[in-house]
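[1] sharing a model that was predicted from the sequence below.
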Amino acid sequence: MSNEEVLLKLKREVLDGEPGSTLPSRLSDEWLDTAIDSVEGMVHGDGDPKLHSVGMALIIKTLSDKHMQKSMSVPAEDMFEYLQAYMLELALEEVSRKTDVSVNTATLETIFEKDRTVEISRRMGVP
């Protein structure tokens, strides 16, 4: 699938959704995996460059939803911090879905907040 096709699919399935549709807990397994690949590739400077725009689109929509603004100015340095914070949230979501560890999911109010506390617990008896 071309980069343009991936972005159109992302727009249709996620970005055009209601506020908060880009929160990691709201992403389908497919989009969670794609977002992880995208964001990790951007942070580490590897991966498929065609996917890098997926992570950035998710972050921009999340910021827009969080601040309830269609346009804003964000310093590039802050964007990199948001990228790292989103990568953390994606990883926490993946761990929560694939292991017996449960974490409180980020909300529009808590995502990107430096003082966010992550509550971690283990689900007993979950295969």
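    In hand now; what should we look at?

[2] mind naming the longest helix for this protein?
    Ranked by number of residues, the top helix in the chain under DSSP state H is helix 76-98.

[3] partner strands of the helix or strand following that helix and their direction?
    Scanning forward in sequence from helix 76-98 by DSSP states H and E, the next helix or strand is strand 101-103. Using DSSP bridges, strand 101-103 pairs in its sheet with strand 120-122 (antiparallel).

[4] contacts only, for N3.
    50-51, 53 (CB atoms under 8 Å, 6 or more residues apart in numbering). In this view, the C-beta of every residue, glycine as well, is placed from N, C-alpha and C.

[5] need the pLDDT of E30.
    pLDDT recorded at E30 is 97.

[6] what residues sit buried inside the helix or strand harbouring it?
    E30 is located in helix 29-44, with elements delineated by DSSP H and E. For helix 29-44, burial by neighbour count (16 or more other CB atoms under 10 Å) applies to 31-32, 34-42.

[7] neighbours of the nearest residue to L7 once chain neighbours are set aside, just the number please.
    Among residues not flanking L7 along the chain, S53 sits closest, at 6.2 Å (CB to CB, 6 or more residues apart in numbering). By other CB atoms under 10 Å, the residues close to S53 number 17.
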